[in-house]
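1. A predicted structure for the sequence below; I have some questions about it.
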Number of protein chains: 2
Amino acid sequence: MQWVKVLGGVVGAAALLGLGIILGHFAIPKGANVPAPSVSQDLDLEILETVMQQLEASRIRENLRELSREPHLASSPRDEALVQLLLQRWQDPESGLDAAEAPAYEVLLSFPSQEQPNHVAVVSPTGSVVFSCRQSEQNLTGEQVGPDVVPPYAAYAPPGTPQGLLVYANRGTEEDFMNLQTQGIKLEGTIALTRYGGAGRGAKAVNAAKYGVAGVLVYTDPADINDGQSSANETFPNSWCLPPSGVERGSYYEYFGDPLTPYLPANPSSFRLDPDAAPGFPPIPAQPIGFDDAKSLLWDLWPQLPGREHWVVTTGWGPASGLMATSQQTEHLPVLSWGKPGKQLCGPQGPVEFHAHFTSDLHTSATPSLELPSSFPNQDFRTRCSLCLEHPSPYSCHSWPTLTFPPATSQVNVSVHNRRELRNSSNVLGIIRGAVEPDRYVLYGNHRDSWVHGAVDPSSGTAVLLELSRVLGTLLKKGTWRPRRSIVFASWGAEEFGLIGSTEFTEEFFSKLQERTVAYINVDISVFANATLRAQGTPPVQSVIFAAAKQIPAPSPVGLSIYDNWIRYSNRSSPAYGVVPSLGSLGAGSDYAPFIHFLGISSMDIAYTYDRSKTSARIYPTYHTAFDTFGYVDKFVDPGFSSHQAVARTAGSVLLRLSDSLFLPLNVSDYGETLRSFLQAAQQHLGGLLEQHSISLGRLVTAVEKFEAAAKALEQHRSALQKGSPDPLQVRMLNDQLMLLERTFLNPRAFPEERYYSHVLWAPRTSSVATFPGLANACSRAMNTSLGSEAWAEVRRQLSILVVALEGAAATLRPVADL
Amino acid sequence: MQWVKVLGGVVGAAALLGLGIILGHFAIPKGANVPAPSVSQDLDLEILETVMQQLEASRIRENLRELSREPHLASSPRDEALVQLLLQRWQDPESGLDAAEAPAYEVLLSFPSQEQPNHVAVVSPTGSVVFSCRQSEQNLTGEQVGPDVVPPYAAYAPPGTPQGLLVYANRGTEEDFMNLQTQGIKLEGTIALTRYGGAGRGAKAVNAAKYGVAGVLVYTDPADINDGQSSANETFPNSWCLPPSGVERGSYYEYFGDPLTPYLPANPSSFRLDPDAAPGFPPIPAQPIGFDDAKSLLWDLWPQLPGREHWVVTTGWGPASGLMATSQQTEHLPVLSWGKPGKQLCGPQGPVEFHAHFTSDLHTSATPSLELPSSFPNQDFRTRCSLCLEHPSPYSCHSWPTLTFPPATSQVNVSVHNRRELRNSSNVLGIIRGAVEPDRYVLYGNHRDSWVHGAVDPSSGTAVLLELSRVLGTLLKKGTWRPRRSIVFASWGAEEFGLIGSTEFTEEFFSKLQERTVAYINVDISVFANATLRAQGTPPVQSVIFAAAKQIPAPSPVGLSIYDNWIRYSNRSSPAYGVVPSLGSLGAGSDYAPFIHFLGISSMDIAYTYDRSKTSARIYPTYHTAFDTFGYVDKFVDPGFSSHQAVARTAGSVLLRLSDSLFLPLNVSDYGETLRSFLQAAQQHLGGLLEQHSISLGRLVTAVEKFEAAAKALEQHRSALQKGSPDPLQVRMLNDQLMLLERTFLNPRAFPEERYYSHVLWAPRTSSVATFPGLANACSRAMNTSLGSEAWAEVRRQLSILVVALEGAAATLRPVADL
């Protein structure tokens, strides 16, 4: 019957509909309608272009405004608020990631006392304070005051109140102190005034303490940071320069990672070293000051302090010093430099009025003569000069006037009341799960904590991170895209205290990370200045950075790619490629350090930076001061944020290429160039010395050749596979070789005295020869020892370690079923 | 036209034929017609059965006959001849592997001087030799003489000719020497006679030297090796027992690997330690002797040497001693053991005629009384006894007669003339390349070098290795089979000197091996005895050994599988499976040591062994002697070679399962059982002590729970994948988790004083508690130190290292895209 048929039809349709609903509900995964993964999923150039287009400068600017609105010192309430902000963004249903969490570690930080502020003063013999340094920076923009602005301090410097005569100790290197001692300057019990640069922060205190110095002051010299500019109207907020009251804060801890839990994650119940016995802390109190105060100590105080004996300048003092660069005589400061550059010393320095100058050029004239300005307070300083000269010579002192210094009567007091505290510090981690190879991770990270507002450092990087994760998250949530491999975003905690959050993370997950991580991308300060891209990394990442940089327009000049602009500022001649931009090598300046040095993961750091023809600033001028604010960035560093956008695009493109390419874009043959150049430097600079000790570099040469051959063959294999239709396991096997190459350079037993450093190519190098660090360092130590010394045995050991590592690397690159 | 058509047809046919020839020549690979690999290639049970069937006992027997035909000490001409034999077999066109090679290392070995044989003699006060020990074993089968039979010696013992009074020092443990000292025995300058067992060979000399002992003799006690049998007619060639002249050779080096190149492969140009400063060598001359000579020194010499003072027995002396077991009084030897087992001491021992015996049972009677046999030479030894008793008590000495010992007049001279030499020692490596995952290696190895003929050790293993490689090679060359993963066969050199060949191999290729090795299978001595299978390994290999053993018939009794037979001899109760055979744990007794301890590769050792109800022999009796010959094996160890065949089948099945299964047959959840039992032991035996020091095991408990949960979830994931149709990368990712789990337990910084040992679960354990070694050892050291000692800090550090390792292991097992 018809109605039966109709009913049947309706029932059938309903059943089908119901089945459809059930299937739709249960059989098709909720959420993103990502295309079903294919084992051959490869980089999609349209998606890449979409991402490039969607990265907005204005959003980066807004991110930065929010991130740098308040100071966010590690573990502070605002730092924790930013943890929540990051979590919120990464858990956003429209633009978030697959998952995000914020695990905390309990780490040892160091803070100045609020009750007893640190204090530097000049004290007269009667005990009265005749001069006090500022305890905070000048409030120039309304942002330099408030309870969250941490006063300048040297983190981890021990508390103490040393008092003594002031000694000017240049950069506080070991050589600086040695030179002072050589001059007969009594260092025991003094306060050393040093300037930033040349030696690490903590190293200045370590070096000083070796010579009995009781306390260390550190200032930022305008010559080093401001290209000499030092007056208020020449500096921020009138320019990007550091104002006279600006003080660089920083960690004075010598290692990285949580100081109490080396090699272990700083979980609450982890084993901790005794804080009073743990190594790496500065041994004596230290305090940073602004250059205005430094100048006062050096200069304005002179009339009040006629008895000061120790106004002595050592190596490197000269026309470069901004503090001294206020007279016409700067080129003629009495740096006696004939014949032995870097070894010259001279007499009393300080107030510019005291400057003697030479009427002939010391560098060319064999018999310089000396004139003193009329303002010179005392014409008789022959006695001191003869003390000062390292190598008295016929024309050194006899024609000089003698200046007699009365004994010192006033002293400098340094009161430090820092406290070390266990604090919770969080990392924020967010993941986009890989569609095809979720067990391969591309890591992208930056720290979150700042010293004050930290607009440049680190928020310029975090602003980029958030914009990149927004764009990728949006594509993900829309179902347009899911990467081949997993992407892990990280916002590290407590980097400023010593890369702590990232290091603890690598300690906690070292096996998993070593097994699975393709590469680590670090974007800390994303824009130092807006001239050019600057990238540091290990050789395998060079090609992917170049590939990205070639396809992105530079903010300026119009028409150039980032790559083309970059090559104008910084380049080198590559045997394989001709002139290419210079990829810098990785030290330990940011969170990439534990990834490359401890885990052997190919790493990179990407930023925009200076035109070095326009500034010789050691770093951007407001670094680690209360003047590193949103307004500073917006007005002086990157108006319009186009450099931020350029970095976001470059790092984003690198990230996508690493996460999405079927074949990992890591070029292992580029390591061959580094090895070859290290080898040539070793042959050139160490070969003769080694030969004298019957040590041949022959096996090293062979090892480098083996590496080159294996890398070349592997690249050919890659090309062949790319042309064919490889099965997914063939690609995976090749990618594993590429990924794991960097790991083969690790040897945890190579440098037993270096914490975390186990990469035999990138461990710290004390020698100036750009070669294999273990070999170079061992040679430096052995150089002046006898033939059969332990130091020479160590040279041989280091050479063997290196050869084994290179041969092991070559073995990893060779066909996988070769014996 | 017809002829045109014909011609056309002919030309066409010729062209087709030509094309066919060309295609056949160029387009089809030469050699084995292996089926094209499929990414889902899985274990083929038919192939497995074929392999099982084709492993022939008679061929193993012939292999053994050839391998043990001549002595083949490491680096000897015959050892090198066997290298060629292996190469020839593995390069055979009909039954060889894909490739084979024999790389050599230059390693430090130690040999006795041919010109100045080592010599042990008793010398009278006048300097005349009153007794000489044998310099070689008795020629019982015609195989114990000849230039290639190396005389008994202690490899690496330094040359020297110490002479002094003889002291019997039991097993030469630290406690043995301490006890002697406690008894007032002067050890300085003496010669200590010790027996094998209880302490490592080298340890006996190290312990002795700490007490000023000048030389060490070591003999094999019939009680330890022959179940007490000691006469010529009770021993080989009349039984499997050790003849009176048999001497165990061995390495007295304390570590493993080439002594001069720790952590570096011993290539000719590698850095080498100064041989005179390298650690681990015995500090004083040592020489092994037979029990016949030991008996002479202890016993027969008495009448000639009435003045000997040092006939003192220390711990563990008792009815077990075969030398002493010739009297009816053996159960009543004066071991004063009430209350404190293992801590007893007693008086003068030596000639059985001297034995006092107790008329009441010391273990049950509170007041034992003592009788001396009428032959006892002196009734007065009360004085000495009071010295001997560690814990004098009311019933200890007062009823004892006193024996006065005249002063010693004769001494023992030990002349050792060993020389250390750099020698070339080869490994032989052969590979069958994997069809699908050639970058995954299953390693199968045994050493090749022996002390003399080495029929059991190691040729019984090499005979099996050659038969297995023949069967697999034949299938390979026929084109019937190619494994999914690569199989690497290895014949290691210089194992007897300290696992040298295998260790150097792991040092040379550590990165590649760590990245790619699925498991290492060791079959050294394949048949100790013919009662039952014995397997040692880490937990993940248990399941694959069980699976293999269940499907192979035991040689006897008929009808039982190897598994069913095994469980009768050695079993334990598993929480997960009920009663199962006991899988032993891996020490450092063979070449698996560097693989498990240094590289963290899941390893196993497989053999057939004793019925422990029938023998308590420390090891098979002719171990390391000139009596370990083909005839010995053929007649006494495994007549018919069915146990050899059983081992070949078991190891072969394990090898095929590991190389061919789509899903790796490593059961990671079985590690949970070990961790749980270690945890329970720690809680039970260390928990109280730790609690007293406020150390909680809570985080360790949590870590074990996390591991168990992650392992369980992974097994479920594996099951789900196995039921579905996973893509090849999903399988690979899971397999990587399984393969790399063992690596997560490595921490190269965990035990800085232990060379190579970095596996936190299997490092050497000094404590008797079967738990985590780092924790147990640290607790032992800390136990008697004060609260804040460094030893207690080390306990906390070890606990943290352990927790991090277990949590890292759990992280590796969790879903790969979990944060």
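-> Yes, it's here. What you see is a predicted model, and the numbers here were worked out from it, not measured in a lab. Residues are numbered from 1 along each chain as shown, chains lettered A, B, ... in the order given.

2. For whichever strand or helix holds A:G202, list the C-alpha coordinates in CSV.
-> Here A:G202 sits within helix A:201-210, counting by DSSP states H and E. C-alpha atoms of helix A:201-210 as CSV (Å, rounded to 0.1, in the frame of the first residue of the first chain):
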residue,chain,number,x,y,z
ARG,A,201,79.2,40.0,35.5
GLY,A,202,80.1,37.3,38.0
ALA,A,203,83.6,37.0,36.7
LYS,A,204,84.4,40.6,37.7
ALA,A,205,83.6,39.7,41.3
VAL,A,206,85.5,36.4,41.1
ASN,A,207,88.6,38.1,39.6
ALA,A,208,88.4,40.9,42.1
ALA,A,209,88.2,38.6,45.1
LYS,A,210,91.3,36.7,44.0
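
3. quick one: contacts of that helix?
-> Counting by Cβ atoms under 8 Å, 6 or more residues apart in numbering or on different chains, the neighbours of helix A:201-210 from elsewhere in the structure are A:154, A:156-157, A:169, A:171-174, A:176-177, A:187, A:192, A:194, A:199, A:216, A:218, A:250-254, A:280-284, A:286. Any C-beta I mention is one placed from the backbone N, CA and C, and that applies to glycine too.

4. So which of those belong to helices?
-> Within the contacts of helix A:201-210, membership in helices is found for A:174, A:176-177, as judged by DSSP state H.

5. Ramachandran coordinates for the residue in the stretch 201-350 of chain A positioned nearest to chain B?
-> For the stretch 201-350 of chain A, the residue positioned closest to chain B under Cβ to the nearest Cβ is A:F271, at a distance of 3.9 Å. Dihedral angles phi and psi of A:F271 (degrees, to the nearest 10) take the values phi -60, psi 130.

6. can you check the one 4 residues further on too?
-> Comment: the main-chain dihedrals of A:P275 come out as phi -60, psi -30, following degrees, to the nearest 10.

7. returning to what we had before: would you show me how to pick out the buried ones of the contacts of helix A:201-210 in ChimeraX?
-> Applying 16 or more other Cβ atoms under 10 Å in any protein chain shown to those, the buried members can be selected in ChimeraX as follows:
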select /A:154,156,157,169,171,172,173,176,177,187,192,194,199,216,218,250,251,252,253,254,280,281,282,284,286
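
8. which SS state does the closest residue to A:K706 other than its chain neighbours fall under?
-> Take A:K706 and drop its neighbours on the chain: the residue closest to it by Cβ to Cβ, 6 or more residues apart in numbering or on different chains is A:A810, 4.2 Å away. Per DSSP: H, G, I helix; E, B strand; the rest coil, the secondary structure class of A:A810 is helix.

9. contacting residues for the closest residue to chain B within the stretch 101-250 of chain A?
-> Sorted by distance to chain B under Cβ to the nearest Cβ, the residues of the stretch 101-250 of chain A start with A:E101, at 5.5 Å. Under the criterion of Cβ under 8 Å, 6+ apart, the neighbours of A:E101 are A:87, A:428-429, B:819.

10. Restricting to C-alpha, output stretch A:453-460 in CSV.
-> Output for stretch A:453-460, consisting of C-alpha atoms alone and laid out as CSV, is shown next (Å, rounded to 0.1, in the frame of the first residue of the first chain):
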residue,chain,number,x,y,z
HIS,A,453,59.2,46.3,32.3
GLY,A,454,61.4,44.5,29.9
ALA,A,455,59.8,45.8,26.7
VAL,A,456,62.7,44.8,24.6
ASP,A,457,64.1,42.1,26.8
PRO,A,458,62.2,39.8,26.7
SER,A,459,58.7,41.1,25.8
SER,A,460,59.7,42.0,22.2
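
11. Grab the longest helix from chain A for me.
-> helix A:698-723.

12. Next, the buried residues of that helix.
-> Judged by neighbour count (16+ other Cβ under 10 Å), helix A:698-723 contains these buried residues: A:699-700, A:703-708, A:710-711, A:714, A:717-718, A:721.

13. Throw those into CSV and include pLDDT and distance to B:A490, thanks.
-> Converted to CSV, the buried residues of helix A:698-723 look like this (pLDDT from 0 to 100; distance: Cβ to Cβ, whole Å):
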residue, pLDDT, distance to B:A490
A:R699, 97, 24
A:L700, 98, 28
A:A703, 98, 24
A:V704, 98, 28
A:E705, 98, 27
A:K706, 98, 22
A:F707, 98, 25
A:E708, 98, 29
A:A710, 98, 22
A:A711, 98, 27
A:L714, 98, 25
A:H717, 97, 26
A:R718, 97, 30
A:L721, 96, 30
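
14. can I get those in a markdown table with distance to A:G600?
-> Formatted as a markdown table, the entries for the buried residues of helix A:698-723 read as follows, by distance: Cβ to Cβ, whole Å:
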| residue | distance to A:G600 |
| --- | --- |
| A:R699 | 23 |
| A:L700 | 20 |
| A:A703 | 18 |
| A:V704 | 19 |
| A:E705 | 23 |
| A:K706 | 20 |
| A:F707 | 16 |
| A:E708 | 20 |
| A:A710 | 18 |
| A:A711 | 17 |
| A:L714 | 18 |
| A:H717 | 23 |
| A:R718 | 21 |
| A:L721 | 25 |
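
15. thinking A:G461 is in contact with A:I521, fair?
-> No. In this structure, A:G461 is not within contact of A:I521 by Cβ atoms under 8 Å, at 10.8 Å.

16. Helices along the stretch 601-750 of chain A, start to end?
-> Secondary structure of the stretch 601-750 of chain A by DSSP state H, counting those that start in this stretch: the helices cover A:630-632, A:642-660, A:669-681, A:687-692, A:698-723, A:728-741.

17. wait, I meant the stretch 401-550 of chain A
-> When secondary structure is read from DSSP H, counting those that start in this stretch, the stretch 401-550 of chain A shows helices at A:461-478, A:500-508, A:510-516, A:542-550.

18. cool, and the stretch 201-350 of chain A?
-> Counting by DSSP H, counting those that start in this stretch, one finds helices in the stretch 201-350 of chain A at the ranges A:201-210, A:222-225, A:291-295.

19. Need the winner for burial among those helices.
-> helix A:222-225 (a mean of 26; mean count of other Cβ atoms under 10 Å in any protein chain shown).

20. Mind checking the pLDDT average for it?
-> Computed over helix A:222-225, the mean pLDDT rounds to 90.

21. Give the partner strands of the longest strand along chain A in its sheet and their orientations.
-> What stands out as the longest strand in chain A, according to DSSP state E, is strand A:437-447. Counting by DSSP bridges, the strands paired with strand A:437-447 are strand A:485-492 (parallel), strand A:517-522 (parallel).

22. Check the residue of the stretch 101-250 of chain A closest to chain B and give its pLDDT.
-> The predicted local confidence for A:E101 comes out at a pLDDT of 98.

23. beta partners of it?
-> Assessed by DSSP bridges, A:E101 has beta-bridge partners A:L429.

24. repeat for the one 10 residues further on
-> In this structure, A:F111 has the following beta-bridge partners (DSSP bridges): A:R419.

25. Isn't it up against A:R419?
-> Yes. The pair formed by A:F111 and A:R419 meets the contact definition of Cβ under 8 Å, at 5.9 Å.

26. what about those two, which has more around it?
-> Higher neighbour count among A:F111 and A:R419: A:F111, with 20 against 12, using other Cβ atoms under 10 Å in any protein chain shown.

27. gap between that one and A:R420?
-> Distance of A:F111 to A:R420, given as Cβ to Cβ, to the nearest Å: 8 Å.

28. go on, A:P125?
-> The span separating A:P125 from A:R420 equals 35 Å under the rule Cβ to Cβ.

29. more neighbours, the two?
-> More neighbours sit around A:R420 than around the other of A:P125 and A:R420, counting by other Cβ under 10 Å; the figures are 19 against 10.

30. picking up where we left off before, from the chain's centre, how far out is the helix holding A:G202? Work that out for me.
-> In this view, helix A:201-210 has its centroid 20 Å away from the chain centroid, taken as Cα atoms, centre = their mean, to the nearest Å.
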